[in-house]
Every structure is written in C-alpha cells, then in structure tokens.
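Undergrad: quick one: sequence and predicted model below, then my questions.
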Amino acid sequence: MIKILFVCHGNICRSTMAESVMTHLVRKRNLEDQFEIASAATSREEIGNTPHHGTVGKLRQEKIPLVPHRAVQMTKSDYDKYDYLIGMDSWNIRNMQHITGGDPEGKIYKLLEFAESGRDIADPWYTGNFEATFDDIMEGCLGFLEQMHL
C-alpha cells in the first residue's frame with residue numbers, strides 16, 4: 001500500500017485538488033487497493049472548511065470527482081503514517097519539516113519533483129489561476145505514477 005499525504009497551506013485549494021486528481025488517476029488504472037490518498041494543511045486557518053469554489057469548479061470542468069473533504073491540519077504523527085508527504089511549494093516544505101521535526105527518512109517532497117522540476121505550484125487563492133494550478137498538479141501526479149511504474 002502506497003500512502004500519500006498532499007499538503008498545502010490551507011487544504012482547500014491545491015492539496016485538495018491533488019488528492020482528487022490522484023484518486024481519479026488511480027481509479028482509472030484500477031489501482032485503488034494499492035493506495036491511500038489524503039490531504040492536509042500546514043496552517044489552521046481553514047480547518048473544517050470545504051474546498052475552494054475555484055478548485056470545485058476546475059475539477060468539475062475536467063470531469064474529475066471531488067473527494068469528500070473538509071480541511072484538516074497535518075500532524076507530527078502523519079510522518080509515521082504516510083510514505084510520501086508531498087507539498088506544493090517551498091514554504092509548505094519548510095512548514096512540513098517544522099511540524100514533523102525534520103525528514104530523517106526522506107519522505108517529504110515537492111509535487112513537481114516527480115515531474116523533474118523544482119518549481120513551486122502557485123497558490124490559486126492568491127493568483128486566481130486554477131487552470132495553471134490544475135495543469136501543474138496533473139503533471140506532478142502523472143510524474144509520480146510514472147516514477148512508481150504504474
């Protein structure tokens with residue numbers, strides 16, 4: 001079982017979109033029994049809130065089901081629970097390492113590392129560009145599956 005936790009600042013835009021995209025890609029490949037996929041925030045600002053309307057709209061436009069979701073905060077124990085803790089940008093990575101107390105097992109990644117890029121995925125909360133965010137997330141998720149040879 002491959003356990004993935006996608007992480008962003010608030011857990012209502014990028015990480016929720018990544019959780020939904022990866023869940024969709026895994027289902028299309030009939031690999032649901034090989035994955036556990038979730039998402040979380042580094043902050044407490046949006047805890048309990050539903051996904052951002054821009055994320056919901058973009059996923060609907062792409063015909064990708066939104067996973068049932070309310071924002072939660074990442075915890076130190078998530079480090080032991082998940083095989084991959086995948087942040088969306090450098091700031092998320094710093095906050096994730098702060099929450100976990102470091103990354104001794106090398107489990108923390110930036111999503112676009114799987115697409116052979118060190119780029120950050122811009123936060124559409126600020127940019128309003130859910131299209132670019134979706135494209136980057138799709139590229140990262142497909143890159144992850146390719147690196148896993150799935």
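TA: Now that the structure is in, tell me what you want to look at.
Undergrad: where does the residue of the chain positioned farthest from its centre sit, in terms of helix or strand?
TA: In the chain, Pro104 marks the outermost C-alpha relative to the chain mean, sitting 20.8 Å out by C-alpha atoms, centre = their mean. Using DSSP states H and E, no element contains Pro104; it sits outside every helix and strand.
Undergrad: also Gly48?
TA: Gly48 is part of no helix or strand, with elements assigned from DSSP H and E.
Undergrad: correct me, but it touches Ala71?
TA: Yes. Under the criterion of C-beta atoms under 8 Å, Gly48 makes contact with Ala71 at 6.3 Å. (C-beta placed from N, C-alpha, C; glycine too.)
Undergrad: buried sites along stretch 119-129?
TA: Within stretch 119-129, the residues that count as buried by 16 or more other C-beta atoms under 10 Å are Asp120, Ile121, Ala122, Asp123, Pro124, Trp125.
Undergrad: check the spacing between the nearest residue to Ala41 once chain neighbours are set aside and Asn95 real quick.
TA: Once flanking residues are discounted, Ala41 sits nearest to Asn11: 3.5 Å by C-beta to C-beta, 6 or more residues apart in numbering. Distance, Asn11 to Asn95, by C-beta to C-beta, to the nearest Å: 12 Å.
Undergrad: show me what contacts Met96?
TA: Counting by C-beta atoms under 8 Å, 6 or more residues apart in numbering, Met96 touches Val7, Thr42, Met74, Leu85, Gly87, Ile108.
Undergrad: quick one: it from Gln34, how far?
TA: Met96 is 24 Å from Gln34, by C-beta to C-beta.
Undergrad: please apply the same query to Lys81.
TA: 17 Å.
Undergrad: what's in contact with the lengthiest helix in the chain?
TA: In the chain, with assignment by DSSP state H, the single longest helix is helix 130-147. Outside helix 130-147, the residues within contact range by C-beta under 8 Å, 6+ apart are 4, 13-14, 17-18, 21-22, 25-26, 29, 54-55, 57-59, 62, 84, 86, 111-117, 119, 121-124, 127.
Undergrad: for the host helix or strand of Ile37, list the C-alpha coordinates in CSV.
TA: When elements are assigned from DSSP H and E, Ile37 belongs to strand 35-41. The C-alpha coordinates for strand 35-41 follow below in CSV (Å, rounded to 0.1, in the frame of the first residue of the first chain):
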residue,chain,number,x,y,z
PHE,A,35,-3.2,3.5,-2.5
GLU,A,36,-4.3,5.5,0.5
ILE,A,37,-4.5,9.2,-0.5
ALA,A,38,-5.3,12.1,1.7
SER,A,39,-4.5,15.8,2.1
ALA,A,40,-3.9,18.3,4.9
ALA,A,41,-2.8,21.9,5.7
